[in-house]
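>>> model the structure of this input:
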Amino acid sequence: MTIHLENQNKSIDLEYGVSLIELAQKENVILPYPILGALINNQVRSLGYKIHKPCNVEFFDITSSYGSGVYMRSLYFIMYKAIKDLYPEKKLNVLHSISGGKYCEIENLPLTKAVLIEIKNRMDEIITANLPFIRREVTSTEAIELFKSQGFDKEKSIILGTNKMYITVYQLDNMVNYYYGTLLPSTKYVTLYGLELYEQGLLLKIPNSKRPEIISQTKEVPKLFQVYQQFKEWGNYLGIPHIYNLNEKIDSGEIAELILTTEALQEKVWANIADEIHRRKAKMILISGPSSSGKTTSCKRLSVQLSVIGYVPVQISVDDFFVEREDTPRDKNGAFDFEALEAIDLQLFNKTLDELLAGKEVELPVCNFQSGKKEWKGKKISMQKNSILVIEGIHCLNPKLTDSISEDTKYKIFVSALTSLSVDSQNPIPTTDTRLIRRIIRDFNYRGYSALDTLRRWQSVRDGEEKNIFPYQENADIMFNTSLIYELSVLRPYAMPILVAVPEYEPEYAEASRLIKFISFFKPISDKMIPGTSILREFVGGSRFSY
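Numbers count the residues shown, from 1 in each chain. Next comes the predicted model:
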């Protein structure tokens with residue numbers, strides 16, 4: 001066979017059945033950090049994968065998102081085995097990302113410093129033993145029996161819902177588990193990790209992808225953690241901690257009631273926030289959040305609740321104040337940096353606020369995202385005696401955006417889509433996946449971008465969020481989770497045809513394939529059941545609100 005080795009930009013002849021690890025050694029492939037896996041025709045593969053046809057091969061290390069994913073999943077398994085070795089009757093739940101790591105809880109086990117040390121010592125022993133992660137293809141029937149033997153029973157049924165005859169599982173010594181993605185060849189590849197007590201659980205951390213020789217310092221985000229806990233408890237109350245629980249609701253015909261309950265919960269929270277704003281006597285509400293968190297609909301739903309208690313909301317979107325496209329700053333790769341504060345026409349924005357607060361009538365621009373120009377369409381607004389400003393935009397919690405306005409007059413809200421579901425207890429859903437899928441659909445429907453366009457820009461968007469949004473999130477007076485427990489079932493029919501259009505020869509195909517596999521776990525729901533005021537209408541259309 002002839003394959004193309006991207007890392008060395010050369011084509012080489014190779015015998016059938018050579019493994020990736022053998023290829024790396026044979027061709028002396030050297031990366032800045034140890035090789036953890038490779039992309040085969042833009043599909044993530046483990047180093048044990050054997051090449052059996054002509055293909056493109058690109059090895060990656062911990063600095064790649066693929067590498068950090070492989071590394072973290074392998075650590076999940078090591079941690080799972082360590083806990084099962086020490087406490088056979090206890091159950092590990094890997095829940096969500098926070099504070100630079102993955103938050104985990106162990107059911108019915110009070111965590112102390114001594115317990116932490118015991119778990120970490122056992123993990124270190126497993127790593128030192130250089131145990132292989134063995135990838136096995138087993139029949140669905142055999143998989144069910146294996147999972148039952150280790151106490152998973154029904155929760156692993158999600159992977160059996162794919163109607164496949166064979167299922168891929170991983171074995172580590174005497175333990176078998178399923179992981180949503182590939183693992184390392186063996187435990188010795190884990191050279192650095194962190195494990196610490198965090199709230200009532202543990203925080204599992206891997207090396208910083210930008211500086212892999214260190215474990216990043218833990219960030220304290222108590223407000224964000226509280227929101228996660230609230231929605232985890234809500235999911236457990238509804239009986240839907242995992243995807244298979246949601247699918248059961250769909251199969252049983254109970255999904256309509258779940259949708260109504262979930263939407264009512266969000267409406268109640270917005271009503272409570274409106275009451276709190278009234279008690280505070282705030283004059284300006286600032287709503288911030290990362291991309292596709294639902295800031296615009298949040299602004300409109302809150303405005304409805306404010307109207308109920310006698311206010312006249314005046315809504316402003318910071319996005320309409322983007323500078324002209326040619327004046328937009330660029331990131332380190334030369335791409336437009338729409339997440340930078342300098343992408344906003346701050347002079348025009350502050351002039352507009354000053355004139356509004358002074359009682360003048362102002363005309364608001366409307367940003368045309370396709371042309372990259374501000375348009376003036378006669379959209380004029382003014383403040384009345386009982387008016388209140390409701391402003392939404394990614395920079396709203398950055399003090400520099402409204403530094404001329406007294407802090408006493410502001411009420412600050414941070415919104416994000418924090419998925420409370422997991423694939424199962426061992427496979428958390430990345431907190432950014434819901435937002436990414438929302439954005440792919442919105443960009444395709446309203447901004448003229450393909451999934452390929454959105455995926456190409458996503459890392460720049462994430463970098464911008466880390467720099468310009470998340471450092472200010474704890475400035476919020478309150479945090480609001482816009483994620484709906486059922487939403488990915490609604491988004492599936494919209495996302496699938498957009499994602500499958502990403503060509504295999506594009507590097508973004510790997511991420512598109514991952515998202516397709518992920519969203520395939522969800523049984524689809526028709527959007528006909530979704531209320532016209534739902535946050536989802538911002539992305540799939542049919543909203544009662546005007547955008």
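>>> from residue 430, how far off is the residue lying closest to residue 204 once chain neighbours are set aside?
Spatially, and ignoring its direct neighbours in sequence, residue 204 is nearest to residue 102 (4.7 Å; C-beta to C-beta, 6 or more residues apart in numbering). In short, each C-beta sits where N, CA and C put it, glycine included. Between residue 102 and residue 430 the computed distance is 10 Å (C-beta to C-beta, to the nearest Å).
>>> out of the two, which sits in the busier spot?
Legend: neighbour count by other C-beta atoms under 10 Å for residue 102 and residue 430, higher for residue 102 (22 against 16).
>>> contacting residues for that one?
72, 76, 94-96, 203-205, 428 (C-beta atoms under 8 Å, 6 or more residues apart in numbering).
>>> tell me which element it falls in.
strand 101-106 (DSSP states H and E).
>>> could you give the mean pLDDT of that strand?
For strand 101-106, mean pLDDT is 96.
>>> partners of that strand, with directions?
Strands that pair with strand 101-106, judged by DSSP bridges, come out as strand 92-98 (antiparallel), strand 201-205 (antiparallel).
>>> any weak-confidence spans in the stretch 101-250 of the chain?
For the stretch 101-250 of the chain, the stretches with pLDDT under 70 are 153-155, 157-162.
>>> all strands for it, in order.
Secondary structure of the stretch 101-250 of the chain (DSSP state E, counting those that start in this stretch): strands located at 101-106, 133-139, 166-172, 175-177, 194-198, 201-205.
>>> next SSE after the helix or strand harbouring residue 272?
For residue 272, the enclosing helix or strand under DSSP H and E is helix 255-280. Next helix or strand after helix 255-280 toward the C-terminus (DSSP H and E): strand 284-288.
>>> re earlier: the residue nearest to residue 204 pairs with what?
Under the criterion used (DSSP bridges), residue 102 bridges to residue 97, residue 204.
>>> please give the element, helix or strand, for residue 512.
Going by DSSP H and E, residue 512 is in helix 509-520.
>>> centre of the chain to that helix, how far?
14 Å (C-alpha atoms, centre = their mean, to the nearest Å).
>>> what is the neighbour count of the spatially closest residue to residue 503 that is not a sequence neighbour?
Spatial nearest neighbour of residue 503, excluding adjacent residues (C-beta to C-beta, 6+ apart): residue 509 at 6.6 Å. Residues lying near residue 509 (other C-beta under 10 Å) number 19.
>>> what about dumping the CA coordinates of stretch 472-486 to CSV?
Below are the C-alpha coordinates for stretch 472-486, written out as CSV (Å, rounded to 0.1, in the frame of the first residue of the first chain):
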residue,chain,number,x,y,z
TYR,A,472,-15.9,37.8,33.8
GLN,A,473,-18.6,35.2,34.3
GLU,A,474,-18.3,35.2,38.1
ASN,A,475,-19.1,39.0,38.0
ALA,A,476,-22.7,38.0,37.3
ASP,A,477,-25.4,38.6,39.9
ILE,A,478,-27.0,35.4,38.7
MET,A,479,-26.3,32.6,36.2
PHE,A,480,-28.9,31.0,34.0
ASN,A,481,-28.7,27.6,32.2
THR,A,482,-30.4,27.8,28.9
SER,A,483,-29.9,24.2,28.1
LEU,A,484,-33.0,22.1,27.8
ILE,A,485,-32.8,18.5,28.8
TYR,A,486,-34.6,17.4,25.6
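>>> distance of residue 488 from residue 425?
Applying C-beta to C-beta to residue 488 and residue 425 gives a distance of 18 Å.
>>> cool, and residue 101?
Distance from residue 101 to residue 425, by C-beta to C-beta: 17 Å.
>>> hang on, the earlier thing: C-alpha coordinates for the strand holding residue 102, PDB please?
The C-alpha coordinates for strand 101-106 follow below in PDB (Å, rounded to 0.1, in the frame of the first residue of the first chain):
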ATOM      1  CA  GLY A 101     -10.800  19.700  35.000                       C
ATOM      2  CA  LYS A 102     -13.600  17.000  35.100                       C
ATOM      3  CA  TYR A 103     -15.800  17.000  38.200                       C
ATOM      4  CA  CYS A 104     -16.600  13.500  39.500                       C
ATOM      5  CA  GLU A 105     -18.600  12.100  42.400                       C
ATOM      6  CA  ILE A 106     -18.600   8.700  44.100                       C
END
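>>> and residue 488 and residue 425? Which one has more around it.
Using other C-beta under 10 Å as the criterion, residue 488 and residue 425 rank with residue 488 on top: 25 against 22.
>>> angle of the helix holding residue 272 against strand 284-288?
On the basis of axes from the mean of the first three to the mean of the last three C-alpha atoms, to 10 degrees, helix 255-280 is oriented at 140 degrees to strand 284-288.
>>> same for helix 255-280, what does it pack against?
helix 222-238, helix 295-308, strand 410-416, strand 478-481 (3 or more C-beta pairs under 8 Å, 6 or more residues apart in numbering; DSSP states H and E).
>>> contacts only, for residue 192.
For residue 192, counting by C-beta under 8 Å, 6+ apart, the contacting residues are 206-207, 212-213, 215.
>>> how about a cut-off of 7 Å?
207, 215 (C-beta atoms under 7 Å, 6 or more residues apart in numbering).
>>> can you check residue 400 too?
residue 341.
>>> what helix or strand does it sit in?
Per DSSP H and E: nothing holds residue 400, as it lies in no helix or strand.
>>> now it: how far from residue 466?
17 Å.
>>> mind listing the helices for the stretch 51-200 of the chain?
Counting by DSSP state H, counting those that start in this stretch, the stretch 51-200 of the chain has helices at residues 65-86, 113-128, 140-149, 157-160.
>>> so which of these is the most surrounded?
helix 65-86 (a mean of 22; mean count of other C-beta atoms under 10 Å).
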